[in-house]
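**Student:** the following block contains a protein sequence and its predicted model.
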Amino acid sequence: MTSLPVSARLTLLSSSVSENVATVLHILQHGIDVEQVRTPTAAEHDARRLAQRSVAMAALPRAYRIGSTGSSTCASKSWRGGRAARRRVSAAGLIISETTANYIDRVSEELVSAYEYEKEHWLRNLGAARAGRAKALLRGEQVDIDSSEAILGYRLRQHQVGVICWTSASDACSSTGLKG
């Protein structure tokens, strides 16, 4: 599993947030139908990275809900004015909230799909890499120990104990008391 430095992770997260906010603002500003909007590239990339890091999928929609709630709270605290202004702000707030909720619902579906696809792909590749590295080790090939430990998720620089055993079908049945 390749490691993504914290600074790169934060940059990717920041790009995802920026692209999502810009998309919602364009939807609101131009009256774009949420169903016609594609999930931002940085958001999809972020979802794939989370899958590769085995971060729970539930974290994706949760992050969007937290972000939406935080921005709504911040915006509502900054709105001030008389009764007429409060009515206009309230009406605008409802439109913004509804649009944002629809956007999050739509994008979450796409991100969950991207996450699931990447998780399957990543695990399949990881499984193949682990099997290949284990076979290389068992054949006695020269391999890089650090990368082998990272691929296998197992410390190799320790005492190893293993047992190889085999039996014929008739031996297995007689030793268990089963009739073959």
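**Tutor:** Everything's here; your move.
**Student:** go ahead and list the helix or strand containing the residue most central in space within the chain.
**Tutor:** The structure's the chain has its C-alpha centroid closest to L50; by Cα atoms, centre = their mean the separation is 2.9 Å. In the assignment (DSSP states H and E), L50 maps to helix 41-52.
**Student:** R157 against D146, yeah?
**Tutor:** No. The pair R157 / D146 is not scored as a contact, 9.5 Å apart, by Cβ atoms under 8 Å. (Each C-beta comes from the backbone N, C-alpha and C, glycine too.)
**Student:** quick one on the thing from earlier: what sits against the residue nearest to the centre of the chain?
**Tutor:** L50 makes contact with M57, A59, L60, Y115, according to Cβ atoms under 8 Å, 6 or more residues apart in numbering.
**Student:** which of the residues you listed has the largest number of neighbours?
**Tutor:** Within the contacts of L50, most neighbours by other Cβ atoms under 10 Å means Y115, with 24 neighbours.
**Student:** and the pLDDT for the residue nearest to the centre of the chain?
**Tutor:** Note for L50: predicted pLDDT of 89.
**Student:** now swap in K77 and tell me
**Tutor:** 74.
**Student:** count of neighbours near it?
**Tutor:** The burial count for K77: 8, using other Cβ under 10 Å.
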